[in-house]
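Chemist: sequence below, structure please.
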Amino acid sequence: MSDERPIYTEDQVRVDPYSMPLAELNVANPFLFAHDVQEAWFKRLRDEAPVHYCAESFFGPYWSVTRYDDIMTVDTSHDVFSSEPTIIISDPLEDFPLPMFIAMDRPKHDEQRRVVAPVTGPENLRNFEPVIRERTIDVLDHLPVGEPFNWVDKVSIELTTRMLATLFDFPFEERAKLTYWSDVATAVPGLGLIESDEERKTILIECLEYFTGLWNERVKAPPSNDLISMLAHGEATKNMGPVEYLGNLILLIVGGNDTTRNTMSASVLNLANNPAQFSRLVEDQSLIPSMVAETVRWQTPLAHMRRTAKFDTELGGQQIKEGEKVVMWYISGNRDERVFENPHDFIIDRPNVRKHLAFGFGIHRCMGNRLAELQLKVLWEEILKRFERIEVVGDVERSVSTFVHGYTSLPVIVHPLRA
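Modeler: Modelled structure (predicted):
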C-alpha cells in the first residue's frame, strides 16, 4: 500500500458531513464507527448519492452503495459483481492472499461451502440447543451479581468462544486462542492489538500451524461432525493448500465469533437504553425471536461487504468500471428510511424486521445465521429467568474497524429477580 494514500484519523469524527463537497465524503474510516457517528455520513449518501464514488481513501478508490434496494441488487447479481479476491474493502496482501470460500465465485464457492454447511443444519441445531443452554446457564450463574463487570468479556466472548470450540472440536482449555486469532484477523494495524500487517501474518501462520496439527489428526480418523474433519474429508476441500486452509479457518472463526458476540452485547445495550421495550419483552417473552432479529438489524455486526465489478456496468445511474471496488454498506441499508419505518428506533416487534440485510443475501448469505439466532434466543430466555434488569454503568467502548461493528467494553451490573 502506497504511503501517499490518505490515512484515516480521529479528526474526521468531529466533521459535519454536510459541510464538505459530496465528492469528498469518505465513510471508510474506522474512527467513525468507534465513536458511533457514522450514521449522519450514511444518511447524506443515501439521500444525495446512494451510489457514490470515493476517489481517495486509505483503501484506494471505491464505490459506496448505501440504499437497501441497491445493496440487494449487488448482493444477488453474482454474474456482475465478483466476491474475488476479497469481501472486505482492503485489498489482500500480495504475498499473503488468504483465499476463502466467501471470497470465491461459483462453482468453487458452492463446492466448498457445501462441505461445511451441515454443521449449522437443522439436525445439528437441535443437537446444539441443550449444549448452548447448559453453557449459558453456567456463565450466567457465575456472574458477580450486584457488582460491575464487562459484559463483553464475561458473557459475549465466553459464550461465543465455547461455541466455536465445539464447532471445531478444538481443545476446550485453549479456546481463548480462537478469540485472539479472530481479533488479530480483523484488527486495524497500529491501533492496539497489532502494529503491522507483517505482525498479523506472523500470528496467523501460528494459527495455521496449530490447526495443521488438528487437520493431521482428523484426516487419519473417520469423518466426524466438526468443521476440521469436514474440511479434511470433503471432496472439494481435502486437497486445499495451507494458505487456502488458513483462509477458510479465518472465515469460519470470524464468522462464528464476531457477529454473535457483538449482537449479544448490542441486545443488552439496546434493552437497557429502551426500558419500555424491555418491559414489553418481560411481559411477552414470545417476542424474544423478534427482538433478536431487531438487534441484528440495529447492530449490523459486519458493517460492509465488498464486491468487484466483473465488467463495466451501471448501478443507480452511475457507471462502474470493470475491476472497481463496490462496497455494500449493510449498516446503512439497515437504516434505510425507504424500507424501515423509524429505522433508528429499537422496536422489538418491528413487522418487517426479518428483511434486514445483516446476514447478506444470495449465495453468500451467512451460513450460521440460524445458529447465531439460537444462541441469542437461549441467552435471553435464561437472562429473564434470573435478572430483573441489566444496568449499563459506564462508557461503552466500540471496535475501531470499518468491518466488524462491535464492542470491546460494556460495563454492567446485573440485578437479580426479587423473590
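
Chemist: phi and psi next, for Ile348.
Modeler: When read as degrees, to the nearest 10, the backbone of Ile348 gives phi -70, psi -20.

Chemist: check Ser409 too.
Modeler: Taking degrees, to the nearest 10, you get phi -150, psi 130 for the backbone angles of Ser409.

Chemist: who touches it in this structure?
Modeler: Contacts for Ser409 (CB atoms under 8 Å, 6 or more residues apart in numbering) come out as 150, 152, 394-397. Where C-beta positions appear, they are placed from N, C-alpha and C, glycine not excepted.

Chemist: check it and give its pLDDT.
Modeler: Here the pLDDT value assigned to Ser409 is 97.

Chemist: same question for Arg5.
Modeler: In this model, Arg5 carries a pLDDT of 54.

Chemist: try Gly190
Modeler: Confidence score, pLDDT, at Gly190: 81.

Chemist: let me have the contacts of Ser409 in a markdown table, adding secondary structure and distance to Ala34 as columns.
Modeler: Below are the contacts of Ser409 laid out as a markdown table (DSSP: H, G, I helix; E, B strand; the rest coil; distance: CB to CB, whole Å):
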| residue | secondary structure | distance to Ala34 |
| --- | --- | --- |
| Asn150 | strand | 17 |
| Val152 | helix | 14 |
| Gly394 | coil | 16 |
| Asp395 | coil | 12 |
| Val396 | coil | 11 |
| Glu397 | strand | 8 |
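
Chemist: biggest separation within those, which pair?
Modeler: Largest separation among those by CB to CB: Val152 and Asp395, giving 12.8 Å.

Chemist: in the protein, what secondary structure element scores lowest on mean pLDDT?
Modeler: The helix or strand of the chain with the lowest confidence, counting by mean pLDDT, DSSP states H and E, is helix 108-116 at a mean of 88.

Chemist: count of neighbours near the spatially closest residue to Val396 that is not a sequence neighbour?
Modeler: Nearest residue to Val396 in three dimensions, chain neighbours excluded: Leu410, at 5.7 Å (CB to CB, 6 or more residues apart in numbering). A count of nearby residues for Leu410, using other CB atoms under 10 Å, gives 27.

Chemist: surely Leu410 touches Phe149?
Modeler: No. Assessed by CB atoms under 8 Å, Leu410 is found out of contact with Phe149, at 9.5 Å.

Chemist: now do the residue nearest to Val396 against Ser265, distance only.
Modeler: Leu410 sits 5 Å away from Ser265, going by CB to CB, to the nearest Å.
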